[in-house]
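Engineer: next one to model:
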Amino acid sequence: MKVQLDPNTWLDDYGSYLFKYAIHRVSDTEVAEDLVQETFLAGIKSKDNFKGKSTEKTWLTGILKYKIIDHYRRKNKEIPISKISDKIGIETTLYDKKGHWVSALKSWGDDPEAHLQNSEFMSVLHKCVDNLPKNLSAVFKMKMFDEEPSSTICKELGISPNNLWVILYRSRLKLKECITINWFSK
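Structural biologist: From the prediction side, this is the model:
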């Protein structure tokens, strides 16, 4: 049985959702708009292949997901460590010469899960993630928010497992610093 799709309704029905999905992952309005447009075009080209095993929305989201991956794959095959490091060097501000924390970690209190349920904290977390350099942010979102397996991220972005772990390590350091300043220092 062939399912009929109506691409004329996609923009009204799914445009806003797909844009939000894209902007959350690329943090750039123009790129997100382009990716949604590319998704609609790819959907039109392959609409005859739609078998109806999922909803149109799920199908289009799947196409968008691959468009986002292609975007990052084109953007950079391997992220040089020199581009990841900031000019100050986060390691020198957080660690002493022996590799120990300069200052003790602040306690999350009795229930760290409570922070994740707090909408203010989640807002700070998302702002901190969005303020990471784009390459770090993209990898962190894929791993931590989308729960993509490491092997998939490496394959889709064309990076080595070592590069992935360095990127995640640097992302976490920068996020720790940002959250400490913007959440725990208040």
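
Engineer: and whichever strand or helix holds Gly43, what does it pack onto?
Structural biologist: Gly43 belongs to helix 29-45 when assigned by DSSP states H and E. Here helix 29-45 touches helix 10-26, helix 56-75, going by 3 or more C-beta pairs under 8 Å, 6 or more residues apart in numbering; DSSP states H and E. From N, CA and C alone the C-beta is placed, and that goes for glycine too.

Engineer: look up the pLDDT of Gln37 for me, please.
Structural biologist: What the model reports for Gln37 is a pLDDT of 94.

Engineer: and the stretch of helix or strand Ser123 belongs to, which residues are buried?
Structural biologist: Secondary structure from DSSP H and E places Ser123 in helix 119-130. Neighbour-count burial for helix 119-130, counted by 16 or more other C-beta atoms under 10 Å, picks out Phe121, Val124, Leu125, Cys128, Val129.

Engineer: same deal with stretch 53-60?
Structural biologist: Glu56, Trp59, Leu60.

Engineer: one more: stretch 156-169?
Structural biologist: So for stretch 156-169, counting by 16+ other C-beta under 10 Å, buried means Glu156, Leu157, Ile159, Asn163, Leu164, Val166, Ile167, Leu168.

Engineer: so who does Ile68 touch?
Structural biologist: Residues counted as contacts of Ile68 (C-beta atoms under 8 Å, 6 or more residues apart in numbering) are Ala22, Arg25, Val26, Leu35.
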